[in-house]
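# Quick check, what structure comes out for this input:
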Amino acid sequence: MLGRATLFRLGRAACRPSGRNSGSSAAAEAASKSATANSPTLPARVRVEACKKNIPQSPWKMNFLVKLVRGRWVPDALAQLKFSPKRRCDEVMKVVQRAVSIANLTHQTIPEELMVKEIFITKGFAQKRSRIMGRGRTGIGYRRSSHLTVRVEKIDFKDAVDSAISANQKNKWEERKKLVDDILAGKAESIVVAKRVTRV
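Model (predicted):
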């Protein structure tokens with residue numbers, strides 16, 4: 001004779017549909033198909049990367065330099081690097097200019113349409129050296145190097161104007177958008193000096 005718990009489990013098994021969670025999975029699949037059909041296709045973001053390896057400077061010191069241009073409009077970033085007294089600013093400027101040139105060749109963008117989305121330093125090759133210490137002893141010193149990676153992205157000016165947190169910032173983005181429109185229409189010249197950037 002079967003117990004009450006066993007009869008209860010058998011009754012639940014008989015009432016269950018043949019496929020496990022078939023109703024809920026079919027409903028979820030239909031909902032996902034309708035959502036993908038109704039959602040608009042987002043435009044692909046234009047993002048270009050350039051890098052340089054083994055720059056003879058420590059990552060700690062290079063990080064102070066790349067902070068100047070992270071998240072900036074490309075003409076502002078190049079101006080910051082041009083007047084910076086830091087030792088390796090020329091090499092960072094060349095890598096930024098190379099990323100701008102690649103974006104121009106592959107996506108036909110101008111420098112005024114781009115911003116430095118990401119720029120970061122990673123640890124490169126470190127050469128061991130003897131280090132003179134006190135009381136006639138020697139230790140180990142390192143001659144460090146850094147890897148630099150720059151990613152530039154095309155600006156969505158409408159989104160930048162809408163997300164501005166102040167009136168001054170909003171006017172600045174509107175002026176930049178007007179400048180880009182004038183350059184593309186041939187009414188103005190680029191404020192970035194156009195030159196061929198060789199590989200550094």
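# Quick one, grab the pLDDT at residue 50.
Note for residue 50: predicted pLDDT of 96.
# and it, what does it touch?
Taking CB atoms under 8 Å, 6 or more residues apart in numbering, we find residue 50 in contact with 95, 96, 98, 99, 102, 149, 150. C-beta: built from backbone N, CA, C; applies to glycine.
# Where does the prediction get shaky in the chain?
Residue ranges of the chain with pLDDT under 70: 1-44, 193-200.
# In strands, which of the contacts of residue 50 fall?
If you go by DSSP state E, those have 149, 150 in strands.
# Among the contacts of residue 50, which one lies nearest to residue 82?
Nearest to residue 82 out of the contacts of residue 50 is residue 96 (CB to CB; 10.9 Å).
# and the residue nearest to the closest one when sequence neighbours are not counted, what does it touch?
Nearest residue to residue 96 in three dimensions, chain neighbours excluded: residue 150, at 5.5 Å (CB to CB, 6 or more residues apart in numbering). Residue 150 makes contact with 49, 50, 51, 92, 95, 96, 99, 116, 118, 119, according to CB under 8 Å, 6+ apart.
# Tell me which of those residues fall in strands.
49, 50, 51, 116, 118, 119.
# Adding distance to residue 58, write those out as TSV.
Output for these, formatted as TSV (distance: CB to CB, whole Å):
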residue	distance to residue 58
49	23
50	21
51	18
116	22
118	21
119	17
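# Restricted to buried residues, select those in ChimeraX.
In ChimeraX, a selection of the buried entries from the ones in strands among the contacts of residue 150 looks like this (16 or more other CB atoms under 10 Å):
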select :50,116,119
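# which two in the ones in strands among the contacts of residue 150 are spaced the farthest apart?
Maximum pairwise distance in the ones in strands among the contacts of residue 150, criterion CB to CB, is 13.4 Å, between 51 and 116.
# Check the ones in strands among the contacts of residue 150 against residue 173 and report the nearest one.
Residue 173 has its nearest neighbour among the ones in strands among the contacts of residue 150 in residue 116, at 15.8 Å by CB to CB.
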